[in-house]
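Visitor: Need a 3D model of the sequence below.
(chains A and B)
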There are 2 protein chains.
Amino acid sequence: MKVTEFIKPGEVKVVDEPMPKIKKPTDAIIKMVRASVCGSDLWWYRGISDRKHGSPVGHEGIGIVQEVGSDVKNVKPGDFVIAPFTHGCGHCAACRAGFDGNCMNKENGINGGYQGQYLRFINASWALVKIPGQPSDYSDEMLNSFVTLADVMATGYHAAASAEVKDGDTVVVMGDGAVGLCGVIAAKLRGAKRIIAMSRHEDRQKLAKEFGATDIVPERGDDAVKHVMELTDGAGADAILECVGTEQSVNTATKVARPGAVVGRVGIPQKAEMNTNNLFFNNTGLRGGIAPVTTYDREVLLKAVLDGKINPGKVFTKRFDLDHIQDAYEAMDKRQAIKSLVIVDKD
Amino acid sequence: MKVTEFIKPGEVKVVDEPMPKIKKPTDAIIKMVRASVCGSDLWWYRGISDRKHGSPVGHEGIGIVQEVGSDVKNVKPGDFVIAPFTHGCGHCAACRAGFDGNCMNKENGINGGYQGQYLRFINASWALVKIPGQPSDYSDEMLNSFVTLADVMATGYHAAASAEVKDGDTVVVMGDGAVGLCGVIAAKLRGAKRIIAMSRHEDRQKLAKEFGATDIVPERGDDAVKHVMELTDGAGADAILECVGTEQSVNTATKVARPGAVVGRVGIPQKAEMNTNNLFFNNTGLRGGIAPVTTYDREVLLKAVLDGKINPGKVFTKRFDLDHIQDAYEAMDKRQAIKSLVIVDKD
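Guide: Next up is the predicted model:
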């Protein structure tokens, strides 16, 4: 079977590998239908983070359950599923509290291979999210939206949930990548009245507005803070979604916070050390981390997609088949695509 | 009239000063009945923070409204009131959001003089909290509990509210000073099922248990983390109240957090720089700051005291009259009292 592997920084390749096998009773084998490239994949693609040569890549997709281990009860062969990048067991303290992205029973070191024909998926019984019917029952656009429920839409939602966005709020979204754009969708879904998108790229500004942004702030740093303060009559925002992770973005996020507001962050932090006194003296909260994908999909996101309330699949501005996976990465690396879709199985 | 002033580190003194006057239409003059010494007063008393020689001190107390400015509508002369250390205007974005401790219309530089016979209180119309009846209608114990509603009980409550303590939670309270003990009361009031108090002093452990603590952890640092993890079957706490502010305490607080739990902090942070990556990768939240005293008093705390549900006045383990104010400070400085009560007016 074909699966994408990391060769070296700047190069991925589809190679033939043996079919994956059930190794534990909690495993499932998924026949992938569609996958995608994540902004976080660019970290190792660009050589910023290390990755083992020959390791299978990709952590977002949808597919059909092919085979299940003996302990997998929630899904059965033939089921159409979202394959989240998280692998919650569903019964540890973290999963029970709704933080399955921090599952205490996850197996480390196994995360990749979604950009391939078949995938061994661990903790399959709870973590997989069943989609009613079969792929052929859905439009192309809706299939794309399902793919976003494996990571990016749930991650954007985690920013909004961590920032505790509620009805009527004025929200600032830092970052106009696919996660930030999904943050805009999430803020609107949670009832935000005003959504200020920090964006300097015209195509992304347009999509942000389509998703519900009411204002665009193209500036960065102190100028951005000033602009947001003007827009909010000096009050600052009720909730801030930090979807970038750079030091400047995190700083700006904390500076546009109304006293008591929470910065919900999902951008992998670039700098660990942070002056938290500024947070304390403004009662600014800081929350966020790895999204609990299965929890959000089940509680709110799958229904919102099925009901046509949200269309996050629009973040895919380019599509590729598996044989052109290198192009899919390059398009994102060169910012030619907001996010690259990968068609694995055309049937 | 008599009021306590700061002389030099280690020395306060009751001096005669002219009667305070209404300066702004939003002012009120309060005839103080009872006051108290705050743990944060020890910062300047011990010379750790600077304070101007001769400045009036004290920021907690109850009293009778003597006179009001023309814009003060919510209280009138003769009313029995809590005089919070905060001075929320009630109408700025921070106050409206329930964070009146960060009122955007506060006048800086005016905070002190509560340990005296008469007090000029700014933003009096909204910030003062009316207590039904007169001091003579209440027991000595209840009067003491009212005094705690000017700061310490509201601050403990802010730790619990910031940590988002909810029904059934397992809560860790860092700090066994008066604020930490009030944090225990607050956690119980919000429905915590299990309350682990970090305390190494027998008298404070006893009071913590009386207030609702179910477990005591006397260790510090890594040993404390280990003990809490044992008590919670490796899961960590659902909510953590940080009522100390030292680097060690803040670190321990973050290390005993279950994924997704929030550290609610009210201890003035000793160290600004903090590694927040650990928070991110555990989805640990960090919230807190200056308590919104008036909001909490009105929404929950005054009623809880009046109904006899909470008895925070028990944190006063020694009492003094105004003429012995130096002894009141010394008792706290030398840890002979958990908190010192100051009787201003015996009538």
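Visitor: Could you list the low-confidence segments of chain A?
Guide: Along chain A, segments meeting pLDDT under 70 span A:108-110, A:347.
Visitor: How much space separates the residue nearest the centre of it from chain B?
Guide: Taking Cα atoms, centre = their mean, the centroid of chain A lies closest to residue A:152, which sits 1.8 Å from it. The spacing between residue A:152 and chain B, counted by Cβ to the nearest Cβ, to the nearest Å, is 18 Å. Yep, even glycine has a C-beta here, placed from its N, CA and C like the rest.
Visitor: Strands of the stretch 101-250 of chain A, residue ranges please.
Guide: A:118-121, A:129-131, A:170-174, A:194-198, A:215-217, A:237-242 (DSSP state E, counting those that start in this stretch).
Visitor: okay if I get those as CSV plus mean neighbour count and distance to chain B?
Guide: Shown next, in CSV, are these (neighbours: other Cβ atoms under 10 Å in any protein chain shown; distance: least, Cβ to the nearest Cβ, whole Å):
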stretch, mean neighbour count, distance to chain B
strand A:118-121, 24, 21
strand A:129-131, 21, 20
strand A:170-174, 31, 10
strand A:194-198, 27, 13
strand A:215-217, 20, 17
strand A:237-242, 31, 7
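Visitor: and residue A:295, which of those is closest to it?
Guide: strand A:129-131 (9.8 Å; Cβ to Cβ).
Visitor: that older thread, from what I can see the residue nearest to the centre of chain A touches residue A:313, true?
Guide: No - taking contacts as Cβ atoms under 8 Å, residue A:152 lies outside contact range of residue A:313: 10.1 Å.
Visitor: so who does residue A:34 touch?
Guide: Applying Cβ atoms under 8 Å, 6 or more residues apart in numbering or on different chains to residue A:34 gives the contacts A:61, A:62, A:143, A:144, A:146, A:147, A:341, A:342, A:343, A:344, A:345.
Visitor: Spatially nearest residue to it (excluding sequence neighbours)?
Guide: residue A:147 (5.0 Å; Cβ to Cβ, 6 or more residues apart in numbering or on different chains).
Visitor: burial of the one you found, as a residue count?
Guide: 28 (other Cβ atoms under 10 Å in any protein chain shown).
Visitor: ok, residue A:1 - contacts?
Guide: A:16, A:17, A:18, A:19, A:20, A:116, A:117, A:118.
Visitor: where does the residue nearest to it when sequence neighbours are not counted fall, phi/psi-wise?
Guide: Nearest residue to residue A:1, sequence neighbours excluded (Cβ to Cβ, 6+ apart): residue A:117, at 4.3 Å. Main-chain torsions, residue A:117, degrees, to the nearest 10: phi -80, psi -40.
Visitor: I figured residue A:117 was touching residue A:3, is that so?
Guide: Yes - Residue A:117 lies in contact with residue A:3 (Cβ under 8 Å); the separation is 6.7 Å.
Visitor: Within range of chain B, give me the residues from the stretch 151-300 of chain A.
Guide: Taking Cβ under 8 Å from any Cβ of the partner chain as the contact definition, the stretch 151-300 of chain A meets chain B at A:162, A:232-236, A:238, A:258-262, A:265, A:268-269, A:272-290, A:292.
Visitor: Drop anything exposed from the residues you listed.
Guide: Buried subset of these (neighbour count, 16 or more other Cβ atoms under 10 Å in any protein chain shown): A:162, A:232, A:235-236, A:238, A:258-262, A:265, A:268-269, A:274, A:276-277, A:279-280, A:282-290, A:292.
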